[in-house]
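J.: generate coordinates for the sequence data below:
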Amino acid sequence: MNLSEKPIDKRLVNVLLVEDDPVDAQMTQEAFRAATMDFKFNWVDDGVKGLRYLKHDTPYEDSTRPDLILLDINLPRKDGRKVLQEIKNDDQLKSIPVVLFTTSDTHVDLIKKYALDSRCYIVKPSSFGQFSVIVRTVEDLLISDSATVVPLTLNVLLIEDDAGDEALLRELLAEERTLDIHLDWVTRLQAGMEYLRDHHPDLVLLDLELPDSQGLETFLKLRAGFPSLTTIVLTGLNDDVLALEAVRRGAQDYLVKGQITGKALGRIVRYSIERDRVRNVLQSLAVRDELTGLYNRRGFLTLVDQQIKSANRNGLNFILCLADLDGMKQINDQHGHGEGDQALKTTADILTECFRTSDIVARIGGDEFAIGAVEEPGGGAAVLQRRLGDALKKANAGNHRPYQISCSFGMARLEPQDSTTLENLMARADSALYDQKRNKKKTS
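T.: Here you go, the predicted structure:
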């Protein structure tokens, strides 16, 4: 099974989401795409609608009884505490598990008061990444509630040279009722690498001490060959530091031999698969470049489109600037990729200092940057070009780098009510950029 796919044998869970903020509602549903169960959402945006949905009142006469309610505390018309109280007092509804959302510590005691003797569970998401906590809470809750659990079907590769450890892990995995594991076993890292070229397991359990590879290098070799693979490392009793370093380098979790129970193993396996899927969702939603902290291409295209619309509404000109870091290949070849990364960071800092906080500065490719700016009075393309040139001179003055930071720029201007598309505007700026590059080569 491909890592991006969900397992076939899954329980369908109907969820009622009562949340007035459409952004939070979207984030919640996106986070649950990474779950190991299948969640079908119905969304209403206030407490009154939530209760009408649950009681099949107009216009929800044909509503499906939910297996789970995700309930925000701060709701219009009727807040979440009152909605919870009505659910708790209704014999037809009180058995439905409820997960309450609150971002304020001041609500917790009040929520606990209302939650006494009810099936209410409290989580506090404050970022998209933390929504994975909700996913874990919900799946644990539903597993513990369900008399019949549909197990998660997984293909697992174990790379372990000790036959006794292999037998123990196989036995523990077989005991965990929430998992249906097909386990393949090899005893060498090289054999594991060969297996992975032809197979696509959902998870690898990797012993760090193997006959043909030892220590952290074992994981790093596997990671280099298969960077998207979900991996749990196995370590001895005195190797916690080593295992934690492997996790820091990309392993999802680690298990200490001699301290493994079936329940703990099952939980770690499920959570590792889930975290990997959440990571993939996060990457697809990310709008920031990890190296420089600037917007990435996705973020730039989304935000600059809104910026152009705003400039048009206000009768202002818009300037699109594309920039390339000159000589990036030579920096990498002569001074190493670490120095190349530093050159990209320095370029990002220079661009950020040259533009206003309201302008959009992004890294849209390897050595490519883009800036979207509403033209200020007396601040056209020529002024920007001069400002950028001065900033580069200042950055290179008195520095101790074995190279100079140099950039080529291309700019395109969009006037109000111009129907040129963003794609065409970028093409014009790109053409101007390469004109400057050609001119530099002629004069060098």
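J.: contacts for the helix or strand where L320 lies?
T.: Secondary structure assignment for L320, by DSSP states H and E: strand 318-325. The contact list for strand 318-325 (Cβ atoms under 8 Å, 6 or more residues apart in numbering) reads 304, 307-308, 311-312, 343-344, 347, 351, 367-375, 380-381, 384, 388, 405-414, 425-426, 428-430, 432-433, 437. For every residue, glycine as well, the C-beta is placed using N, CA and C.
J.: among those residues, name the buried ones.
T.: Neighbour-count burial (16 or more other Cβ atoms under 10 Å) applied to the contacts of strand 318-325 gives 304, 307-308, 311-312, 343-344, 347, 351, 367-375, 381, 384, 388, 405, 407-414, 425-426, 428-430, 432-433.
J.: what residues go with each domain of the chain?
T.: Following automatic domain parsing, the chain resolves into domains at 12-145, 152-285, 297-443.
J.: can you redo those as JSON lines with mean pLDDT and distance to L291?
T.: Converted to JSON lines, these look like this (pLDDT from 0 to 100; distance: least, Cβ to Cβ, whole Å):
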{"stretch": "domain 12-145", "mean pLDDT": "75", "distance to L291": "19"}
{"stretch": "domain 152-285", "mean pLDDT": "85", "distance to L291": "14"}
{"stretch": "domain 297-443", "mean pLDDT": "86", "distance to L291": "6"}
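J.: quick one, helices of the stretch 301-444 of the chain?
T.: Here the stretch 301-444 of the chain has its helices, by DSSP state H, counting those that start in this stretch, at 328-335, 337-354, 381-396, 422-443.
J.: which one of those helices lies nearest to K257?
T.: helix 337-354 (35.4 Å; Cβ to Cβ).
J.: show the contacting residues for the spatially closest residue to N332 that is not a sequence neighbour.
T.: Spatially, and ignoring its direct neighbours in sequence, N332 is nearest to G340 (4.1 Å; Cβ to Cβ, 6 or more residues apart in numbering). G340 makes contact with 328, 331-332, according to Cβ under 8 Å, 6+ apart.
J.: list phi and psi for the nearest residue to V287 once chain neighbours are set aside.
T.: Leaving aside its sequence neighbours, V287 sits nearest to G299 (Cβ to Cβ, 6+ apart; 3.0 Å). Here is the backbone geometry of G299 (degrees, to the nearest 10): phi -60, psi -40.
J.: residues near G299, how many?
T.: 18 (other Cβ atoms under 10 Å).
J.: now it: how far from C321?
T.: Going from G299 to C321 by Cβ to Cβ, to the nearest Å gives 16 Å.
J.: equivalent analysis for E290, please.
T.: The separation that E290 has from C321, given Cβ to Cβ, amounts to 23 Å.
J.: swap in A25?
T.: Counting by Cβ to Cβ, the gap from A25 to C321 is 36 Å.
J.: the more surrounded of those two?
T.: Under the criterion of other Cβ under 10 Å, the comparison of A25 against C321 puts C321 first, with 25 against 19.
J.: got the CA positions of stretch 412-430 in CSV?
T.: What follows is stretch 412-430, C-alpha atoms only, in CSV (Å, rounded to 0.1, in the frame of the first residue of the first chain):
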residue,chain,number,x,y,z
ALA,A,412,6.7,44.1,-14.5
ARG,A,413,4.2,46.8,-13.7
LEU,A,414,0.4,46.4,-13.7
GLU,A,415,-1.9,49.4,-13.9
PRO,A,416,-5.4,49.5,-12.4
GLN,A,417,-8.0,47.8,-14.5
ASP,A,418,-5.4,46.1,-16.6
SER,A,419,-6.7,42.6,-17.5
THR,A,420,-3.3,41.0,-17.7
THR,A,421,-3.3,37.7,-15.8
LEU,A,422,-0.8,37.0,-13.0
GLU,A,423,0.7,34.3,-15.2
ASN,A,424,1.4,36.8,-18.0
LEU,A,425,2.7,39.4,-15.5
MET,A,426,5.2,36.8,-14.2
ALA,A,427,6.2,36.0,-17.7
ARG,A,428,7.0,39.6,-18.4
ALA,A,429,9.0,39.9,-15.2
ASP,A,430,10.8,36.7,-16.1
